[in-house]
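Colleague: return atomic coordinates for the entry below.
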Amino acid sequence: MASTISNATLTVTVTESLTLNGSNHGSTKRIDVTGVNEVSKRIISCLTDGTQIYKGHATVASFGQFIYGNVKYIRITNLDDTNAVTIHIEDTTNTTYAQFLIPAGHVFFLTDAAGSYGDNATAATPTGNIERIDALASNATVDVELLVASA
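Modeller: Numbers count the residues shown, from 1 in each chain. Model prediction:
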């Protein structure tokens, strides 16, 4: 049986609107992500001691697990109206990671599953794909929305 799903283009548009002292300082940036034929979108309750929301793998895709080379876009939205969530990203070497605090109602996105990681003493070149993403709620359980678009 052959798939009837055709590749599509995901269009992401970020619009900044700011008028300061009568001058427009806003802008719009459009990103076209081509070759998308799979999408996973979920709302996940994240605990204060951490919840894994994404798992990468070299060859196997399953629920919540994605093939590194196929991932084209990841968006994480903090759906809470009060509490922040920390996003913890690890690479496949399991030696480097990055963490980002996502305030209530804010959005974080990546445009593929490779990253540049290092410690605070050195700048690192990309050493691996994104192996896992955990979300750690700051004060109370926080709901996040995860959207992953892949080939």
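
Colleague: and D49, how many neighbours does it have?
Modeller: D49 has 8 neighbours, counted by other C-beta atoms under 10 Å. For the C-beta atoms, the positions are set from N, CA and C on the backbone; glycine is no exception.

Colleague: ok, it - contacts?
Modeller: By C-beta atoms under 8 Å, 6 or more residues apart in numbering, the contact list for D49 reads L136.

Colleague: ok, now G56?
Modeller: G56 touches Q65, F66, I67, Y68, V71, T92, A113, N129, I130, E131, R132, counting by C-beta under 8 Å, 6+ apart.

Colleague: does the fifth one really touch S150, like I thought?
Modeller: Yes - in this structure, V71 is within contact of S150 by C-beta atoms under 8 Å, at 4.7 Å.

Colleague: so how far does stretch 105-112 reach from one end to the other?
Modeller: 23 Å (C-alpha to C-alpha, to the nearest Å).

Colleague: next one: stretch 55-74
Modeller: 12 Å.

Colleague: in that stretch, which of the residues would be classed as buried?
Modeller: Within stretch 55-74, the residues scored as buried using 16 or more other C-beta atoms under 10 Å are K55, G56, A61, F66, I67, Y68, N70, V71, K72, Y73, I74.

Colleague: show me what secondary structure element comes after the helix or strand of the chain with the lowest mean pLDDT.
Modeller: In the chain, the helix or strand scored least confidently by mean pLDDT, DSSP states H and E is strand 114-115, which has a mean of 56. Downstream of strand 114-115, the next assigned helix or strand under DSSP states H and E is strand 128-137.

Colleague: which helices and strands sit right next to that following strand?
Modeller: Counting by 3 or more C-beta pairs under 8 Å, 6 or more residues apart in numbering; DSSP states H and E, the packing neighbours recorded for strand 128-137 are strand 38-46, strand 51-57, strand 71-78, strand 85-91, strand 114-115.
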